[in-house]
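> Please work out how this folds:
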Amino acid sequence: MTTSDSDGQGRRPGERGDLLDPRCPTRQLLDRIGTKWTSMTVKVLAEESPHEVRFAELRRRVPGISQKMLSATLQSLARDGLVARRVEPTVPPAVHYRLTELGLSLEGPLSVLRLWAETHMPEIDRNNRAADRSSTP
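Prediction:
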């Protein structure tokens, strides 16, 4: 992991940080990109790449996400440079999103993680049921 700026601990920009340090920028980035909403949003946008997806369509295709959570997720992704946002000056404004090249590079690792979760979910479920049974008096 790397720092994005001098962190006040004598590290230079680009120097490896410490993932276990709560102030490490890499840790903070992992907190942002490691959410289920980020993974689902990136997946939908990657499926449409290089085309754009309107906000309302994204909301329809990400089951269970609230308008507020989708908005916050997209703002975070845009701030990090993973998503590009385009607004058409209509009434009401039409807002379109697409993955940037950097955002597309995130889809591969997230896809591997989603596949791992899907593959191992039965085993995880069994482990949870066993743990629940052993903790029941």
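> Now the least confident helix or strand in the chain by mean pLDDT: buried residues?
Sorting the helices and strands of the chain by mean pLDDT, DSSP states H and E puts helix 25-33 at the bottom, at a mean of 89. Neighbour counts over helix 25-33 (16 or more other C-beta atoms under 10 Å) mark 26, 33 as buried. For glycine as for every other residue, the C-beta is placed from the backbone atoms N, C-alpha and C.
> got a list of contacts for the helix or strand following it?
Downstream of helix 25-33, the next assigned helix or strand under DSSP states H and E is helix 36-48. Contact partners of helix 36-48, identified using C-beta atoms under 8 Å, 6 or more residues apart in numbering, comprise 32, 53, 58, 61-62, 65, 69-70, 73-74, 76-77, 82-83, 97-99, 103-104, 106-107, 110-111, 113-114.
> can you tell me which of these are in helices?
Cross-referencing these against helices under DSSP state H gives 32, 58, 61, 69-70, 73-74, 76-77, 103-104, 106-107, 110-111, 113-114.
> Glu101 versus the residue nearest the centre of the chain, what's the distance?
Centrality entry for the chain: nearest residue to the mean C-alpha point is Thr38, 2.7 Å, by C-alpha atoms, centre = their mean. To Glu101, Thr38 is 17 Å away according to C-beta to C-beta, to the nearest Å.
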